[in-house]
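In: Task: produce atomic coordinates for the following.
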Amino acid sequence: MSVNENNSTLLIESQYFPSIDFYSTLIEHDILQLERYENYQKVTYRNRCYLAGPNGKMILSVPLTKGKNQRTIMKDVRISNEERWQSLHWKTLVSAYRRSPWFEYYEPELEALYEKQFDFLIDWNMACLEWVNNKLGIRQTISFTDGYQKEVPGVTDMRDKLIPGEVLHPEIQYPQVFEDRTGFIPGLSILDLLFCEGKQSIEIIKSSK
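Out: Model (predicted):
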């Protein structure tokens with residue numbers, strides 16, 4: 001695993017539409033290195049993201065085949081495309097965010113992304129990451145690990161440090177669609193922030209530093 005010592009590198013697991021905490025950590029680094037040789041872990045951001053719905057926090061979970069086996073290497077985790085999960089996820093997003101200020105702006109491109117089929121979870125996650133990075137104007141270099149190391153000197157190792165239900169940056173707040181019903185829900189997917197704040201999203205993240 002090579003690391004450019006002249007730049008700060010964030011090492012972290014691949015996530016499905018990463019959390020706001022993910023991006024709050026990422027903007028402090030020059031290079032993003034995604035772990036692909038770890039064993040897949042259940043109940044993590046690897047195949048799920050959290051959003052705000054009318055009744056509180058919602059979970060979108062990508063169905064997996066071999067990914068259900070904890071000993072499967074992340075790069076080999078396959079998506080179960082027998083289920084119409086992409087259609088269901090998209091309908092959930094439309095239902096929850098169609099009244100948000102920025103959903104209509106992102107809708108055409110995001111819908112097109114959900115119409116593309118992917119066989120491997122890591123490829124789908126990468127497509128989601130690149131889509132969001134483009135919208136946020138993030139230009140960090142992205143690479144994958146070429147083998148698993150338990151300890152990696154010279155990097156910020158955040159593998160398995162971001163855990164659903166635990167919020168690293170509760171100070172990042174903004175008006176949410178259903179806040180009048182549910183109160184503010186912290187620690188959601190970056191999609192929630194994008195739909196609510198659009199092009200100001202990255203500035204909101206930076207202002208919390």
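In: which residues touch Gln176?
Out: 52, 182, 184-185, 192, 196 (CB atoms under 8 Å, 6 or more residues apart in numbering). Just so you know, the C-beta spots here come from the backbone N, C-alpha and C atoms, and that holds for glycine as well.
In: what about 7 Å?
Out: Applying CB atoms under 7 Å, 6 or more residues apart in numbering, we find Gln176 in contact with 52, 184-185, 192, 196.
In: Strands of the protein, residue ranges please.
Out: Secondary structure of the chain (DSSP state E): strands at 9-13, 31-35, 48-53, 56-61, 141-144, 156-157.
In: low pLDDT regions in the chain?
Out: 1-7, 66-70, 209 (pLDDT under 70).
In: buried sites along the biggest helix by length in the chain?
Out: Criterion DSSP state H: the longest helix present in the chain is helix 121-136. Neighbour counts over helix 121-136 (16 or more other CB atoms under 10 Å) mark 121-122, 124-126, 128-129, 131-133, 135-136 as buried.
In: same thing with stretch 49-58?
Out: Quick answer for stretch 49-58 (16+ other CB under 10 Å): 49-53, 58.
In: And stretch 174-182, by the same measure?
Out: Buried-residue list, stretch 174-182, by 16+ other CB under 10 Å: 176-178.
In: Quick one: the strands of the chain as CSV, columns for distance to Ser208 too.
Out: What follows is those, written out as CSV (distance: least, CB to CB, whole Å):
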stretch, distance to Ser208
strand 9-13, 17
strand 31-35, 19
strand 48-53, 18
strand 56-61, 20
strand 141-144, 23
strand 156-157, 18
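In: picking up where we left off before, out of the contacts of Gln176, which are inside helices?
Out: 192, 196.
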